[in-house]
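In: after the sequence you'll find the predicted model.
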Amino acid sequence: MFNGTVTLRWSAGNLNRLTNDLHSPVHYDLDVLEMEEREKVVKHMWDAYSNSRQIRLPRFWQEAFEAAYEELTSDVPGVKEDAITEIAEMSIRSVDLYHPRIQSMVRV
């Protein structure tokens with residue numbers, strides 16, 4: 001089995017402002033359940049992004065999926081899951097899962 005890490009390329013969008021915060025202590029203090037919930041949201045949003053041309057996602061999700069497209073469509077074991085985890089960690093700084101508008105869009 002292969003192990004590795006994924007580093008998303010931010011050239012597709014303006015996510016460079018988030019990369020400075022990726023290694024801040026808040027990511028290491030996260031509850032496992034919170035990360036699982038965030039990963040479920042990422043997977044749901046990815047399904048919406050990849051399966052529907054009619055849905056316009058918020059900017060964060062659009063840019064994250066454009067930057068990680070190759071990783072999210074990879075057949076290499078673990079690459080897709082690593083990308084999902086990284087996007088979930090980035091969403092902590094950018095996306096409020098409990099905002100009423102997001103809740104109405106995301107059904108996990």
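Out: That came in fine, so what should we check first?

In: contacts and neighbour counts: CA atoms only from here.
Out: OK.

In: tell me the buried residues in the longest helix belonging to the chain?
Out: Ranked by number of residues, the top helix in the chain under DSSP state H is helix 32-51. Under the neighbour-count criterion of 16 or more other CA atoms under 10 Å, helix 32-51 has Met35, Arg38, Glu39, Lys40, Val41, Val42, Lys43, His44, Met45, Trp46, Ala48, Tyr49 buried.

In: try stretch 75-82
Out: Neighbour counts over stretch 75-82 (16+ other CA under 10 Å) mark Gly78, Val79, Lys80, Glu81, Asp82 as buried.

In: out of those residues, which sit inside helices?
Out: Using DSSP H, these in helices are Val79, Lys80, Glu81, Asp82.

In: do I have it right that the first one meets Leu72?
Out: Yes - counting by CA atoms under 8 Å, a contact exists between Val79 and Leu72, whose distance comes to 7.3 Å.

In: between the buried residues of helix 32-51, which is nearest Arg93?
Out: Nearest to Arg93 among the buried residues of helix 32-51 is Arg38, at 11.7 Å by CA to CA.

In: please verify my assumption that that closest one contacts Ile84.
Out: No - with contact defined as CA under 8 Å, Arg38 does not reach Ile84; the gap is 9.1 Å.

In: can I get the strand or helix carrying Glu70 as CSV, trimmed to CA atoms?
Out: Using DSSP states H and E, Glu70 sits within helix 69-72. What follows is helix 69-72, C-alpha atoms only, in CSV (Å, rounded to 0.1, in the frame of the first residue of the first chain):
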residue,chain,number,x,y,z
TYR,A,69,-9.4,18.7,-9.1
GLU,A,70,-6.6,16.3,-10.0
GLU,A,71,-6.3,14.9,-6.5
LEU,A,72,-10.1,14.6,-6.0
